[in-house]
Structures are given as structure tokens and as C-alpha cells.
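# When you get a sec, could you give me coordinates for this:
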Amino acid sequence: MASGGRIHQLIKQARATFSRAANEATFRQEFEKLKAAMASVTFEDFNLSPSVLGKVWDYSPYVKDAPASCMDVYECTEFSVSIFMMKPNKYMPLHDHPEMHGTMKVLLGSMVVTAYSKPSSKAQGLLRCPLVPKIQLSPSSEPCCLYPSQANIHEIHTGDEPVAFLDILSPPYNPSQGRDCTYYAIKSADKTAKDEESSRSVWLQPIQIPSWFACVPQPYIGPPIIQ
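Numbering: from 1, shown residues only. Below you'll find the predicted structure:
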């Protein structure tokens, strides 16, 4: 299948997955199909090349040489499709996808996702969140799924190479509907938790977006999207 066909199939399957008419059983089946569609697309399908990731991304006058950029592929009321690109040895700070499903597929490079699940308790403006095992991703990895309650608050670290990953969010961010992005800082570990990484909890504090971080918009350069 040609690259444009794979992207068209991806968006078609995302529409079937996140349709408001879908019930729980249908959603699970369609979601598996969506992950398979994501696994089939490649860096080249979007007309990307390593040179695209070598550019300097400035968010003037606030951030020089930002660590990340974003290319919007498609968006409707039910989901959005984007490509995020990150510089080597950088990280995307801890943030959430409020009441959203997030699915990521690495197209180039490798990265590590550190994630926390929905708060189990709150106190004095802090959230007690369970830590899930770290997720290492590369182009050969299966898509990574972040759910409304599980692994929703997360940060992304890159290695020695630039990274590009496909990202589908449902529903998309919409501050007017209560879906704005919140950033967090780790205040302390939960001393009552067990030692194993998979069972630890931490206390997180909502913060403003870090001053050093920006995700700079880039024009979409892939095949035309068929509506």
C-alpha cells in the first residue's frame, strides 16, 4: 500500500475507533485495529527525513532552540493525529491528557516514557500518583497506550538520536471543555510505598509550563489528507 493509503487507512480507523456510536465491546475491537494501523506506518510515509529533525526550532522570543516540535496531521472533534519531533538527549516535561486516550508510535529513534496513573488521593494541592513501569520505545515497538486513568501523566526522554513519534489523542485537547494540558513537578516519593518501581507512588504538584520548554508548530509535509 502506498504511503498516502496507509495514512488514509490510519485516519479512517481512528474515526471508527473513537466514533461516538461505538460501545465498549466495539471500542476494544476497533482500538486493536487502530494499533495495527499505527504499527504499519513509517517515518517515510509522512515525507520526513532526519534533516527535518536537524533544524533549529525557535519559539521567539521565549525559547531558543526548543527541544520539541509538532506537526498537525489531522484533527476533528473526536480525535487528533500529530507527529512530535524531539532533539537528542532532551525531555518533554511531565504533563497529562485529561480524560483522553493517547496512543504513540515511534517512527525514528528511541525514547523512554515515565508515566503515572490517576491520583489515588489528594492533599494540600498535591496528587498521590502510582508510578507505572518505564516504557522503552523504538520503531520496532508496539504502539504505547496511555489511558484516561492509567499512565496518563507522563514525561518523555530521548537518547543520543533525534526522535519522531506519531501521536493520536481522543478526544483532542480543548480548554473550553475542560481538556487543557497541565504540567507537574515531583515533590516527594511516597514513603509508605513498596520498593518495587511498579508499585511506587509519588506526590505531584501542578505547575506552569517550564520556561525552558516549547513545542514549536511545524507545517505538515506529508501526503494530502483525504477527508
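# Please count neighbours and contacts with C-alpha atoms only from this point.
OK.
# would you list every one of the strands in this protein?
68-75, 80-86, 91-95, 101-108, 111-116, 121-123, 126-130, 135-137, 144-146, 153-158, 163-170, 183-189, 201-207, 215-218 (DSSP state E).
# Tell me the helices and strands packed up against the fifth one.
This means strand 111-116. On a contact count with 3 or more Cα pairs under 8 Å, 6 or more residues apart in numbering; DSSP states H and E, strand 111-116 meets strand 135-137, strand 153-158.
# want to try CSV for these, with distance to Pro93, mean pLDDT and mean neighbour count as columns?
Converted to CSV, those look like this (distance: least, Cα to Cα, whole Å; pLDDT from 0 to 100; neighbours: other Cα atoms under 10 Å):
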stretch, distance to Pro93, mean pLDDT, mean neighbour count
strand 135-137, 16, 97, 16
strand 153-158, 5, 98, 21
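# that older thread, Thr42 is nearest to which of the strands of the chain?
For Thr42, the closest of these is strand 101-108, at 5.7 Å, according to Cα to Cα.
# separation between the nearest residue to Phe46 once chain neighbours are set aside and Ile83?
Excluding its sequence neighbours, the residue lying closest to Phe46 (Cα to Cα, 6 or more residues apart in numbering) is Gly222, at 4.2 Å. Per Cα to Cα, to the nearest Å, Gly222 is found 11 Å from Ile83.
# the more surrounded of these two?
Neighbour tally, Gly222 and Ile83, criterion other Cα atoms under 10 Å: the higher count belongs to Ile83, 22 against 16.
# In contact with the more buried one, which residues are there?
Taking Cα atoms under 8 Å, 6 or more residues apart in numbering, we find Ile83 in contact with 70-73, 164-167.
# Tell me the buried residues in stretch 85-101?
85-88, 90-101 (16 or more other Cα atoms under 10 Å).
# Out of these, which is nearest to Ala189?
For the buried residues of stretch 85-101, the residue nearest Ala189 by Cα to Cα is Leu94; the value is 15.3 Å.
# Return the helix or strand in this protein with minimum mean pLDDT.
helix 50-53 (a mean of 83; mean pLDDT, DSSP states H and E).
# who's in contact with that one?
So helix 50-53 is contacted by 85-87, 162-163 (Cα under 8 Å, 6+ apart).
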